[in-house]
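# Any chance you could fold what I've pasted below:
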Amino acid sequence: MREKLYAWADYFAALAFALWVAAGILFILKNQTPERLLILVGIGAIFFLLFLYFKFGLVRQAVTSRTARYGSNALALSIAFIAIVGVINFMGQRYHIRQDVTSNKQFTLSEKTIQILQELKEPIQAIGFYTIENIQSQQEASDRLREYSRITDKLTYKFIDPYAEPQIAEEYKVQMDGTIVFERGKRRENVYGTDEESFTNAILKVSQEQQPTIYFTTGHGEHSPEDTGNDGYSLMKTAMEAENYKVALLDLKTLTETLPSDITALIIAGPKQPFDPAEVKYIKEYLEKSGGRVLVMVDPQAQSGLDDLLKEWGLALRNDSVVDPKFGFFGQAQVPVINTYKSHAITQDLVGQSTFFPGVRSIEALVGAQSSRSPTVLFSTSDQSWGETDFASLKAQNAKFDDKDLKGPLDLAYAVEARSEKNARLVVIGNSNFISNGTLNARITVGGQQQRIQSGNGMLFGNMLHWLAGQETLIAIPAKPADTRYVILTAEQTALVFWSSFLLMPLAILIIGALVWWRRR
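Model prediction:
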């Protein structure tokens with residue numbers, strides 16, 4: 001029996017090394033538990049000890065031979081080199097230095113994400129369920145989560161193979177390879193992508209104690225978040241839900257006492273018929289008694305029935321439509337473009353963003369308003385604009401400034417905050433179409449092709465909403481898109497690259513090789 005085991009000793013050594021290599025590969029892949037890896041290492045150690053037991057004499061002879069003594073210096077140098085590399089790697093992991101040199105900081109987390117991570121108060125764990133076949137996506141998720149964990153120690157993450165540990169996948173109700181579950185306590189949110197927006201929104205959702213509810217008034221011809229047509233707000237609804245807002249409709253005529261108890265903010269989006277006095281009373285009481293948050297958007301010529309309420313807050317909607325020939329949208333003077341903003345939390349991150357408003361009325365800040373309700377203008381038109389009061393001339397496309405019109409600059413939006421215990425907030429803007437589906441999908445023809453117009457309209461509305469809802473953490477610059485750059489070469493430059501790469505460099509190597517051979521010959 002001993003002779004047979006002696007004959008198998010070499011196989012024991014080979015099996016031991018095979019088990020250790022397998023354990024190392026699985027450790028790098030990070031899809032097995034530490035216990036299983038230790039079992040593989042332990043079994044490998046047993047086989048190696050058996051090899052040493054049966055081939056101890058050969059091992060001792062190999063170690064004490066002249067060749068081994070001569071190789072000891074090389075071994076020492078190798079160990080020293082490995083130790084230096086290990087120390088450098090340890091220092092690199094402990095003291096992370098990273099510089100994003102891309103022009104648009106493509107690999108840097110957005111301010112929005114950084115603010116949310118820094119505001120975390122309780123630990124959040126991310127569990128990624130990836131199979132071995134999906135290892136590339138797992139690496140992308142791991143790289144992204146590593147960046148997040150460098151911002152805050154409140155976020156931890158790990159990866160699990162749902163095939164290797166099906167009981168855990170079943171516990172988290174994972175049905176798809178590549179699912180990442182963010183959890184805080186009993187709150188969980190599943191993510192199926194590896195982009196920054198998906199991760200940040202998931203962290204935001206599980207970190208909030210309750211979901212903010214935004215109500216849109218209905219019954220007066222307002223824009224509806226349920227409408228997918230050009231006049232609808234369905235695109236903004238999708239964006240709001242991605243930010244963890246719950247969107248609902250509210251008909252004030254159906255109320256019996258007060259507004260719903262779960263309301264976070266009320267949005268009045270372009271009414272075409274006036275509100276009844278009883279409805280206005282509900283809005284007034286919500287602002288004054290409950291410290292409510294209201295966004296009012298009223299288009300030119302619309303009678304909203306809210307004039308007296310706005311007057312109490314120091315504002316008045318002028319009966320005009322702004323014309324701005326200096327900053328008109330692609331030459332359309334009736335669609336003012338705004339690219340400079342006043343100082344306010346709503347506009348602080350709109351630098352470099354352009355917004356445009358198809359048909360907007362101006363707003364006036366009234367003198368003698370309550371000192372506790374001081375309106376702050378958000379943005380204004382140029383000095384060459386005016387408020388046109390002859391709507392027939394606007395329709396005929398021949399509007400001209402006259403003594404009946406008010407010369408610009410004209411204010412288009414205001415924010416008012418009541419400095420009291422209730423801390424009510426009100427935002428008023430003279431346009432409701434700037435975030436409609438049709439406006440957000442507006443396109444122009446460039447070089448015979450239709451291209452979607454990039455604007456800050458959605459960001460402006462989002463900032464208004466965040467400020468009203470007390471979610472100022474969300475007011476920030478979004479993540480940057482990938483920046484593709486092309487190298488345009490002339491015919492001469494193309495020829496130079498080709499001949500130098502495929503002819504000159506190989507020829508130079510051949511010539512140098514021939515010279516070296518000739519000298520040694």
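# Show me what counts as buried in the helix or strand harbouring Arg146.
Here Arg146 is covered by helix 135-151, with elements defined by DSSP states H and E. Within helix 135-151, the residues scored as buried using 16 or more other C-beta atoms under 10 Å are Ser137, Gln138, Ala141, Ser142, Arg144, Leu145, Glu147, Tyr148, Ile151. To be clear about C-beta, it is placed using only N, CA and C from the backbone, and glycine gets the same treatment.
# ok, so of those residues, who is nearest Leu120?
Using C-beta to C-beta, Ile151 comes nearest to Leu120 of the buried residues of helix 135-151, at 9.3 Å.
# coming back round to it: and the buried residues of helix 135-151, which two are furthest apart?
Ser137 and Ile151 (22.2 Å).
# and Thr113, that's in a helix?
Yes. Read with DSSP: H, G, I helix; E, B strand; the rest coil, Thr113 is one of the residues of a helix.
# Number of residues surrounding it?
Thr113 has 23 neighbours, counted by other C-beta atoms under 10 Å.
# Is it in contact with Glu196, as I believe?
Yes. The pair Thr113 / Glu196 is scored as a contact, 6.0 Å apart, by C-beta atoms under 8 Å.
# so what's Thr217 closest to, chain neighbours aside?
Closest residue in space to Thr217, ignoring its immediate chain neighbours: Ile268 at 5.1 Å, by C-beta to C-beta, 6 or more residues apart in numbering.
# Helix, strand, or coil at that neighbour?
Under three-state DSSP, Ile268 comes out as strand.
# Quick one: residues contacting the residue lying closest to Glu140 once chain neighbours are set aside.
The shortest distance from Glu140 to any non-neighbouring residue, by C-beta to C-beta, 6+ apart, is to Thr194 (4.5 Å). Taking C-beta atoms under 8 Å, 6 or more residues apart in numbering, we find Thr194 in contact with Ser137, Glu140, Ala141, Arg144, Ile180.
# Show me which of those is closest to Gly328.
Nearest to Gly328, judged by C-beta to C-beta, of the contacts of Thr194 is Arg144 at 41.9 Å.
# ok so, going back, partners of the residue nearest to Thr217 in the sheet?
Using DSSP bridges, the bridge partners assigned to Ile268 are Val296.
# Roughly how far does it sit from Asp308?
Taking C-beta to C-beta, to the nearest Å as the measure, Ile268 and Asp308 are separated by 15 Å.
# Ends of stretch 225-243, what's the gap?
In stretch 225-243, first residue to last residue: 15 Å (C-alpha to C-alpha, to the nearest Å).
# Buried residues, it. List them.
Going by neighbour count (16+ other C-beta under 10 Å), the buried part of stretch 225-243 is Pro225, Asp231, Gly232, Tyr233, Ser234, Leu235, Met236, Lys237, Ala239, Met240, Glu243.
# Other residues contacting it?
The contact list for stretch 225-243 (C-beta under 8 Å, 6+ apart) reads 197, 201, 204, 214, 216, 223-224, 247, 249, 269, 433, 435-438, 440-441, 458, 461-462, 465-466, 471, 474.
# Stretch 304-313 now?
Stretch 304-313 has contacts (C-beta under 8 Å, 6+ apart) with 268, 271, 274-277, 279-280, 283-284, 287, 296, 298, 316-317, 366, 369-370, 373, 375, 416, 426, 428.
# so how far is it off the chain centroid?
Offset of stretch 304-313 from its chain centre (C-alpha atoms, centre = their mean, to the nearest Å): 37 Å.
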